[in-house]
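Chemist: predicted model and sequence below, questions to follow.
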Amino acid sequence: MSNASYRDAIFSTPLDRVARFSFDEQVVACFPDMVRRSIPGYGQILGMLSLIAQRHLRHGGHVYDLGCSLGASGLALAGALAPDAFRYTGVDLSPAMVSRARQTFTEECPEHAMSVEEADIRTLEYAPSGMIILNFTLQFLPPADRDALLRRLFDALEPGGVLVLSEKTVDVDERDNAWRVERYHDFKRANGYSDMEISQKRTALENVLVPDTLDALHQRLQQAGFPRTVTWFQYLNFASVIAFKES
């Protein structure tokens, strides 16, 4: 990344009151480390994006990356595809994220057509696109806003286009869900997080990140108009789904 990124230690000290999680400057500074140590399979998901684009995006087609954060998805595409293969628009609501992403694209892939907008993805006026990436973003929207957004994304996709939706999920079965959560916490411990960090982060995300079940995600996509949806990746309680708009 362009600027130095730091180890995530936001919740490493006891807090009298844990504030709601937000994508502020403090999070931006350590975001690459936070994602790497907190999202199982994140690298594999990024690595597949260019392969999906090669199969489903027409040459020179437009790609949206909604909730783009520091632009990792855009960098993954630019690292594997020629400059004339696609046009990219990242969108994020955090000014700090947008600023860093713009700087990164300018420095890392200046030959590619990469732009970043600071906007609310619920109200953005979408241009026709061949591929839309929604990686770990829908889960931060109020559940009541999710269906309307997905319908707008379906409308924005060109015939033959695809939506890649990656989310943290919850299991319907309480026992199965508890097992997945426990193993996820084991994953975080193995990546250097303490029990205190895990607990305080969980408190900060309460009512901020509200996950759906995997079945609910498929249902939302189908109600939005997608005739075909496939879960192509799952690791514990994290999953990625591809939704197809017919030609």
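Modeler: Thanks, I have the structure now.

Chemist: how about the contacts made by residue 71?
Modeler: By Cβ atoms under 8 Å, 6 or more residues apart in numbering, residue 71 lies in contact with 65, 90, 100, 101, 104, 105, 114, 116. For the C-beta atoms, the positions are set from N, CA and C on the backbone; glycine is no exception.

Chemist: can you tell me the closest non-neighbouring residue to it?
Modeler: In space, and not counting its chain neighbours, residue 71 is closest to residue 101: 3.8 Å by Cβ to Cβ, 6 or more residues apart in numbering.

Chemist: wait, that neighbour touches residue 91, no?
Modeler: No: using Cβ atoms under 8 Å, residue 101 makes no contact with residue 91, being 9.9 Å away.

Chemist: list the contacts of the helix or strand that contains residue 239.
Modeler: Element membership for residue 239, per DSSP states H and E: strand 238-244. For strand 238-244, the external contacting residues (Cβ under 8 Å, 6+ apart) are 39-41, 45, 48, 52, 56, 135, 162-169, 214, 217-218, 221, 226-234.

Chemist: take those residues and keep only those in strands.
Modeler: 135, 162-168, 228-234 (DSSP state E).

Chemist: weed out the non-buried ones from these.
Modeler: By neighbour count, with 16 or more other Cβ atoms under 10 Å, the ones in strands among the contacts of strand 238-244 hold 135, 162, 163, 164, 165, 166, 167, 168, 229, 233 as buried.

Chemist: can I get these in JSON lines with distance to residue 192 and pLDDT?
Modeler: Output for those, formatted as JSON lines (distance: Cβ to Cβ, whole Å; pLDDT from 0 to 100):
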{"residue": "135", "distance to residue 192": "23", "pLDDT": "96"}
{"residue": "162", "distance to residue 192": "35", "pLDDT": "98"}
{"residue": "163", "distance to residue 192": "34", "pLDDT": "98"}
{"residue": "164", "distance to residue 192": "29", "pLDDT": "98"}
{"residue": "165", "distance to residue 192": "29", "pLDDT": "98"}
{"residue": "166", "distance to residue 192": "23", "pLDDT": "98"}
{"residue": "167", "distance to residue 192": "24", "pLDDT": "97"}
{"residue": "168", "distance to residue 192": "20", "pLDDT": "95"}
{"residue": "229", "distance to residue 192": "35", "pLDDT": "98"}
{"residue": "233", "distance to residue 192": "24", "pLDDT": "97"}
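
Chemist: still on that earlier bit, tell me which of residue 101 and residue 91 has more neighbours.
Modeler: The neighbour comparison of residue 101 against residue 91 (other Cβ atoms under 10 Å) goes to residue 101, with 29 against 21.

Chemist: for that one, phi and psi?
Modeler: phi -60, psi -40 (degrees, to the nearest 10).

Chemist: which ones are touching it?
Modeler: 68, 69, 70, 71, 74, 90, 92, 116.

Chemist: among those residues, which ones are in helices?
Modeler: Here DSSP state H is the test, and the contacts of residue 101 give residue 74 as lying in helices.

Chemist: from the contacts of residue 101, pick the one nearest residue 131.
Modeler: Residue 131 lies nearest to residue 74 out of the contacts of residue 101, by Cβ to Cβ, at 11.7 Å.

Chemist: the lengthiest helix in the chain - contacts with which helices or strands?
Modeler: Longest helix in the chain by number of residues (criterion: DSSP H): helix 174-190. Contacts defined by 3 or more Cβ pairs under 8 Å, 6 or more residues apart in numbering; DSSP states H and E place helix 174-190 against helix 195-205.

Chemist: count the neighbours of residue 38 for me.
Modeler: By the criterion of other Cβ under 10 Å, residue 38 has 19 neighbours.
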